[in-house]
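> Sharing a sequence plus its predicted fold:
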Amino acid sequence: MLPQAAGLVNALASFLQPFVAPGAAQGQAEHLRDVVVETTKLGYVLLSQPADWRFTHSAPVQPGLRYLVVCAGLLKVGNKDGQSYDAPRQVAAPLLVQV
């Protein structure tokens, strides 16, 4: 694991420590490491694309209710030649759950 990723995992682990069940710290650190590594891979994939991308966190919701974003959506905002689209094209919708 890269030193930057290890540093992030350590910082997150110490921040999240009050929420970890006794005896589960090792498993939590492994899960954090996996999330950081997979997120880094996704970042590399997105940055290596010739097109422009953007995450989205909004979706049509019922007014007055509270929602939690479980997974951000993905918008393609430009083509491989660097030209922006008039309107972003939704590739994946965000996943929201009502809380």
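Great, that's in hand.

> contact partners of the top strand by length along the chain?
Criterion DSSP state E: the longest strand present in the chain is strand 84-92. Taking contacts as CB atoms under 8 Å, 6 or more residues apart in numbering, the residues outside strand 84-92 that touch it are Asp52, Trp53, Arg54, Thr56, Gly73, Leu74, Leu75, Lys76, Val77, Gly78, Asn79. For every residue, glycine as well, the C-beta is placed using N, CA and C.

> again with stretch 14-24
Outside of stretch 14-24, the residues within contact range by CB under 8 Å, 6+ apart are Ala25, Gln28, Leu32.

> and which of the residues you listed is nearest Leu12?
Lowest distance from Leu12 to those (CB to CB) belongs to Leu32, with 5.3 Å.

> my guess is the closest one contacts Asn10, does it?
No. With contact defined as CB atoms under 8 Å, Leu32 does not reach Asn10; the gap is 9.1 Å.

> What is the lowest-pLDDT residue among the contacts of stretch 14-24?
Comparing pLDDT over the contacts of stretch 14-24 singles out Ala25 as the least confident position, at 76.

> Tell me who's in contact with that one.
For Ala25, the set of contacting residues under the criterion of CB under 8 Å, 6+ apart consists of Ala13, Gln17.

> same deal with Leu46?
Contact analysis of Leu46 by CB under 8 Å, 6+ apart lists Trp53.

> same question, Ala93
Applying CB under 8 Å, 6+ apart to Ala93 gives the contacts Ala59, Gly73.

> and the gap between it and Arg54?
Using CB to CB, to the nearest Å, one obtains 14 Å as the distance from Ala93 to Arg54.

> How about Leu2?
Here the criterion is CB to CB. By it, Leu2 lies 25 Å from Arg54.

> Okay, Leu2 and Thr40: tell me how far apart.
8 Å.
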